[in-house]
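In: Give me the fold of what follows.
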Amino acid sequence: MRDYKKEYRDYHAKPDQISNRAQRNKARGMLEREGVVQKGDGKDVDHKKPLSKGGTTTRSNLAAKPASANRSFKRTSSGAVK
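Out: Numbers count the residues shown, from 1 in each chain. From the prediction side, this is the model:
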């Protein structure tokens, strides 16, 4: 059985993960205000240069992609994009 409390405590509650989540939420909000994405539309907001590789949450680094295309990158064991 998956221990969600332990998972949150050991990973999701870490300061760097909180910061990354805030940046992803900010990026989504930016594109929602522009009308590029909507809630429930099946699109993800893609950082062209990933946050894990030093990318920023600026409009020039953002694009809307289908979730299937945005989540298909190979990842390291920590979840970062290879």
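In: Pull up the per-residue confidence for the residue nearest the centre of the chain.
Out: The residue lying closest to the centre of the chain (Cα atoms, centre = their mean) is Arg24, at 4.7 Å. For Arg24, the model assigns a pLDDT of 93.
In: try the one 5 residues further on
Out: Taken from the predicted model, the pLDDT recorded for Gly29 is 96.
In: Distance of it relative to Arg21?
Out: Using Cβ to Cβ, to the nearest Å, we find Gly29 at a distance of 13 Å from Arg21. Glycine gets a C-beta too; all of them are placed from N, C-alpha and C.
In: Is the spatially closest residue to the residue nearest to the centre of the chain that is not a sequence neighbour in a helix, a strand, or coil?
Out: Once flanking residues are discounted, Arg24 sits nearest to Val45: 7.2 Å by Cβ to Cβ, 6 or more residues apart in numbering. At Val45 the chain is in strand, as set by DSSP: H, G, I helix; E, B strand; the rest coil.
In: Who does Val45 form a beta bridge with?
Out: Taking DSSP bridges as the rule, Val45 bridges to Ala64.
In: Name the residues of the strand or helix carrying Arg24 that are buried.
Out: Using DSSP states H and E, Arg24 maps to helix 15-34. Neighbour-count burial for helix 15-34, counted by 16 or more other Cβ atoms under 10 Å, picks out 27-28, 30-31.
In: will you turn these into JSON lines that also has distance to Lys39?
Out: Formatted as JSON lines, the buried residues of helix 15-34 follow (distance: Cβ to Cβ, whole Å):
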{"residue": "Ala27", "distance to Lys39": "14"}
{"residue": "Arg28", "distance to Lys39": "9"}
{"residue": "Met30", "distance to Lys39": "14"}
{"residue": "Leu31", "distance to Lys39": "11"}
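In: Lys65: which of these is nearest?
Out: Leu31 (10.9 Å; Cβ to Cβ).
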